[in-house]
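*Asks:* Predicted structure and sequence below. I'll ask about it afterward.
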Amino acid sequence: MQTVKMVVTGPFAAGKTEFIQTISEIAVVSTERQISDFTRTVKSSTTVAMDFGRITVDDDLVLYLFGTPGQKRFDFMWEILAEGMLGFIVLIDSTRSETFREAKQIIDIFRSYSDTPFVVAANKQDLEDAWPPEDIRIVLELEPWVKVLPCVAKDKESVKTVLLELLYTILESYDHN
Amino acid sequence: MALKGRLRDISLNQLLNLVKLARKTGALTIEGEQGRVELYFKEGKVVHASLNGDGDLARLLLKFGRLQEQQLRAVLQQLSAPDDKELGLRLINAGYVSKNDILRAIRRHTMDVVLTALAWEDGKFHFEPNKAPPPERIVVPINLDSIVREGDQRQKELATLREELPDLNVALRFTENPSTNLSKIKLSRDEWRVISFINPRNTIAQIAKYSGLDEFQIRRIVLKLMRNGLVEVVGRPTGRAPAVSSAAPQGVSTGTGLPAGGGAPSGHRPKAPAVEKSVVRRLIKFIRGL
């Protein structure tokens, strides 16, 4: 049996757990804990251990989705999670521009681990205050070949599209090497 | 879709870059401690700007010394409603100003407003797409490149100024024995205005407020006066937030609003993973069918 891994990362409360939950065939294994007063204004609990979802392709192939811990103090786990990943998705809450700087830092950190293919998913595009993906690209100073995709993490079709776009990017990477 | 946020998260430089690259049309409103700025754009160019509701032609021409009050009063009496276009035409017809005077004044005002806002470190902003400037204003399109370049230079200079003069809540006094020959020092109108407020009871922040100068301008003027040995700092910092600067010095801006350091992006296309291409194809086929 072959297993492959994708990592879903992004700033705190970007929707990583929901993204994995939407597509995973198993209930997402995650540890949600009560959080500090500082972050309670955004959500009541957050992922302090990694999220873990699974998509079984057939008897020989399984795709695992790992969500990085939502809070900065667990960033030591990122490198461990990143090891051997097929690609990664950076999920961003498009309505919270105050998190864009952190998203940029996360992208830089993950890219420093390895040249693994990745896409950026601009989540919460169903909300009125969402920044358009192309504006987010400019603010994050991403190269033209980096895909910045509209996303609604609670919508299965939207999550599928993001995963597929990442897989297409991975396929393209074979041609560039 | 309105873009909202705070300047402490996304700098005005970044926003201007976004407007330029995406060739946006609309209005960017920024509300900070120092006031309210409105910038109007058309296809990526700034076409009108106002700070705390200023920006009307009459005020601009007076401010930049292109017009005298009695000339303005004479023309204003003939206007049925405040309209910069009509006012401009009447002023030109009366021979008081030229078309170039008007364009230069508007351009300079727009640059001043944008550069003032570029020095703000925080403030709420929102961009309203397709919102047009007030119809009574004259619009003059200005390329954002030159403003952003000057803004970058200003930010770097401001960082240096903040290092040399960290606290604006200190007072100034004239030195008893100036080190330089005073006859060689030439002062501008703004510098004279600052000098008129120098008094051990007035903090630099208060002088800026009285003189209508922004943080960049007051720091530059005070440092020039200090370097020339004309004035010196008295009193101890009070620890209160300065009235001009909304935040403590935070070092040199990277121009992106992002802190230096952290992992460096590779900047080139990613490498293929260590799995067979066929595995990726199988994943694609399966996920499509989900």
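*Replies:* Arrived safely, thanks for sending. This one's a predicted model, so the numbers in the text were calculated from it and none came from an experiment.

*Asks:* Show me where chain A has its strands.
*Replies:* Along chain A, the segments classed as strands by DSSP state E run A:2-9, A:32-34, A:45-47, A:51-58, A:61-67, A:87-93, A:118-123, A:148-150.

*Asks:* right, and those - which one's nearest chain B?
*Replies:* strand A:51-58 (4.4 Å; CB to the nearest CB). Yep, even glycine has a C-beta here, placed from its N, CA and C like the rest.

*Asks:* What helices and strands are in contact with that closest one?
*Replies:* Under the contact criterion of 3 or more CB pairs under 8 Å, 6 or more residues apart in numbering or on different chains; DSSP states H and E, strand A:51-58 touches helix A:16-23, strand A:61-67, helix B:277-288.

*Asks:* which stretches of the stretch 151-290 of chain B aren't confidently modelled?
*Replies:* Where the stretch 151-290 of chain B drops to pLDDT under 70, the residues are B:178-184, B:235-270, B:272.

*Asks:* do that again at 50, thanks
*Replies:* For the stretch 151-290 of chain B, applying pLDDT under 50 flags the ranges B:237-266.

*Asks:* Kindly report the same for chain A.
*Replies:* Counting by pLDDT under 50, chain A contains no low-confidence range.

*Asks:* any idea which helix is longest in it?
*Replies:* Determined from DSSP state H, the single longest helix within chain A is helix A:156-175.

*Asks:* Quick check, B:Glu121 in contact with B:Ile10.
*Replies:* No: contact criterion CB atoms under 8 Å: B:Glu121 and B:Ile10 do not qualify, at 11.9 Å.

*Asks:* burial of B:Arg8, as a residue count?
*Replies:* 16 (other CB atoms under 10 Å in any protein chain shown).

*Asks:* ugh, typo on my part, it should be B:Ala74
*Replies:* When neighbours are counted by other CB under 10 Å, B:Ala74 registers 14.

*Asks:* contacting residues around it?
*Replies:* B:Ala74 makes contact with B:Ala94, according to CB atoms under 8 Å, 6 or more residues apart in numbering or on different chains.

*Asks:* quick one: which helix or strand includes it?
*Replies:* Counting by DSSP states H and E, the element that carries B:Ala74 is helix B:69-76.

*Asks:* what comes up buried for that helix?
*Replies:* The neighbour-count check on helix B:69-76 (16 or more other CB atoms under 10 Å in any protein chain shown) flags B:Gln71, B:Leu72, B:Val75 as buried.

*Asks:* again with stretch B:146-161
*Replies:* Neighbour-count burial for stretch B:146-161 flags B:Ile147, B:Val148, B:Gly151, B:Arg154, B:Gln155, B:Leu158, B:Leu161 (criterion: 16+ other CB under 10 Å).

*Asks:* Same list (those) but as CSV, adding secondary structure and distance to chain A.
*Replies:* Shown next, in CSV, are the buried residues of stretch B:146-161 (DSSP: H, G, I helix; E, B strand; the rest coil; distance: CB to the nearest CB, whole Å):
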residue, secondary structure, distance to chain A
B:Ile147, helix, 17
B:Val148, helix, 13
B:Gly151, helix, 17
B:Arg154, helix, 21
B:Gln155, helix, 17
B:Leu158, helix, 20
B:Leu161, helix, 25
